[in-house]
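Enquirer: Below is the structure, and that's it, no one-letter string:
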């Protein structure tokens, strides 16, 4: 994207996608990264205030269920939408979804956040119907681009967005029927962790590679091989087992396998040589938190009472999702807006590794 | 952000300090995103070619 946005003479030119639209809706990452970052803070401040007894959050739904939902399906899904809406055109070579279609999709995301916040006024059923419309719409838009662009290599992220959409609906159904999210929460978490394992696993070594190359390092991240395949398989198996049987010993053993294989994978990327670059450190640390989350999740099952409540889950949410989204949003904003970056950064939208 | 993650996970390991750790984790999270918005919100809102002379 960086290259295509400049003429050979180095003069910036206005991208065709910009001509008819206001800048905010020229690329998917712009409205969604902005909205998601605002929501990350608003939603957390609302939670902290409700824990302190200052206000009553999501009456009839439960403040903690609301918090879990808004972080996974509000904040994180917003970042996923912003990333994929910008990455997919680069994968398919088609024009980005921009202008009024992007504005409409973003409005739907905002509407979900606001309606859910006002659930006491709008009523439970209308709220969850409005709120759960966003991810299926994103899925349809993405599916259309990938099918028309015949980009079959990227069916995996599409399947994971489908998992998120289904998990969102399951989450609401479980909270409204039983009072607590169960399968829906785990499926949503698993979908996000899988996206990080997959896409974070493409971006992190690729950026580290170009940075180390420029820094003249004799050692570069290992290219995709058996170790990476094992890590992807082990993580996928562990997440599927966790969705179905979170307390099983077998799940805990699969978690340990995933933690070990992911650690090996991360080690092969030579992050220790690139820690001085904050934009790389954040990605390596975020990926490390995926492995740590697996380890703590196994510990919580194998050694009962070792970790209170949702600490292991939060290694994934705050650690892996928080760091990876913040790292990708920062890099994407700098790389996606020509001239915004003082040093050249490779574009996060293109990546050739599997 | 790294501090927020470690504090939130640590809150589960040290229940006696749970509320303090949760509060600090929340503050660190909020600070991280406030910094992000301060630095990048103008870029996300602005035209594509801003600061292109740099």
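Expert: Nice, I can see it. Everything numeric in this text was worked out from a predicted model, so none of it was measured.
Enquirer: my guess is residue A:237 meets residue A:255, correct?
Expert: No - shown here, residue A:237 and residue A:255 do not form a contact pair, counting by CB atoms under 8 Å, at 9.9 Å. In this view, the C-beta of every residue, glycine as well, is placed from N, C-alpha and C.
Enquirer: These two: which is more packed in?
Expert: Neighbours per residue (other CB atoms under 10 Å in any protein chain shown) separate residue A:237 from residue A:255, with residue A:255 holding more: 29 against 15.
Enquirer: Okay, the more buried one and chain B: tell me how far apart.
Expert: With distances taken as CB to the nearest CB, to the nearest Å, residue A:255 is found 15 Å from chain B.
Enquirer: would you say that residue is within a strand?
Expert: No - counting by DSSP: H, G, I helix; E, B strand; the rest coil, residue A:255 is located in no strand; its state is helix.
Enquirer: who touches it in this structure?
Expert: A:238, A:242, A:294, A:295, A:297, A:298, A:301 (CB atoms under 8 Å, 6 or more residues apart in numbering or on different chains).
Enquirer: now with 6 Å?
Expert: Going by CB atoms under 6 Å, 6 or more residues apart in numbering or on different chains, residue A:255 touches A:238, A:294, A:297, A:298.
Enquirer: For the closest residue to chain B within chain A, give its distance to residue A:64.
Expert: Chain B sits closest to residue A:311 of chain A, with a gap of 2.1 Å, by CB to the nearest CB. Going from residue A:311 to residue A:64 by CB to CB, to the nearest Å gives 14 Å.
Enquirer: mind listing the helices for chain B?
Expert: For chain B, the helices defined by DSSP state H occupy B:2-13, B:18-45.
Enquirer: Please name every helix or strand in contact with the longest one.
Expert: Packing partners of helix B:18-45 (3 or more CB pairs under 6 Å, 6 or more residues apart in numbering or on different chains; DSSP states H and E): helix A:29-51, helix B:2-13.
Enquirer: repeat that with 8 Å
Expert: helix A:29-51, helix A:323-336, helix B:2-13 (3 or more CB pairs under 8 Å, 6 or more residues apart in numbering or on different chains; DSSP states H and E).
Enquirer: Out of those helices, flag the one nearest residue B:43.
Expert: helix A:323-336 (5.5 Å; CB to CB).
Enquirer: Format the helices of chain B as CSV; extra columns: mean pLDDT.
Expert: As requested, the helices of chain B are exported to CSV (pLDDT from 0 to 100):
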stretch, mean pLDDT
helix B:2-13, 70
helix B:18-45, 88
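Enquirer: just checking, which of those helices sits deepest inside the structure?
Expert: By mean neighbour count, with neighbours taken as mean count of other CB atoms under 10 Å in any protein chain shown, helix B:2-13 ranks first of those at a mean of 21.
Enquirer: In terms of pLDDT, where does the residue nearest the centre of chain A sit?
Expert: Centroid check for chain A by CA atoms, centre = their mean gives residue A:80 as the closest residue, at 4.6 Å. The confidence metric pLDDT takes the value 96 at residue A:80.
Enquirer: That one reaches residue A:158, doesn't it?
Expert: No - between residue A:80 and residue A:158 there is no contact under CB under 8 Å: 11.6 Å.
Enquirer: now do the same end-to-end measure for stretch A:236-250.
Expert: 14 Å (CA to CA, to the nearest Å).
Enquirer: touching chain B at all, it?
Expert: No - against chain B, stretch A:236-250 shows no contacts by CB under 8 Å from any CB of the partner chain, the least distance being 16.0 Å.
Enquirer: one step back: neighbour-wise, give me the winner out of the contacts of residue A:255.
Expert: Of the contacts of residue A:255, with other CB under 10 Å as the count, residue A:294 tops at 31 neighbours.
Enquirer: deepest of the helices and strands packed on helix B:18-45, which one?
Expert: It is helix A:323-336: most buried of the helices and strands packed on helix B:18-45 by mean count of other CB under 10 Å, with a mean of 24.
Enquirer: For it, name the packing helices and strands.
Expert: With 3+ CB pairs under 8 Å, 6+ apart as the test, helix A:323-336 has helix A:29-51, helix A:77-92, helix A:278-302, helix B:18-45 packed against it.
Enquirer: how does it look with 10 Å?
Expert: helix A:29-51, helix A:77-92, helix A:183-195, helix A:201-214, helix A:278-302, helix B:2-13, helix B:18-45 (3 or more CB pairs under 10 Å, 6 or more residues apart in numbering or on different chains; DSSP states H and E).
Enquirer: want to throw these into a markdown table with distance to residue A:327?
Expert: Formatted as a markdown table, those follow (distance: least, CB to CB, whole Å):
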| stretch | distance to residue A:327 |
| --- | --- |
| helix A:29-51 | 12 |
| helix A:77-92 | 11 |
| helix A:183-195 | 14 |
| helix A:201-214 | 9 |
| helix A:278-302 | 4 |
| helix B:2-13 | 11 |
| helix B:18-45 | 10 |
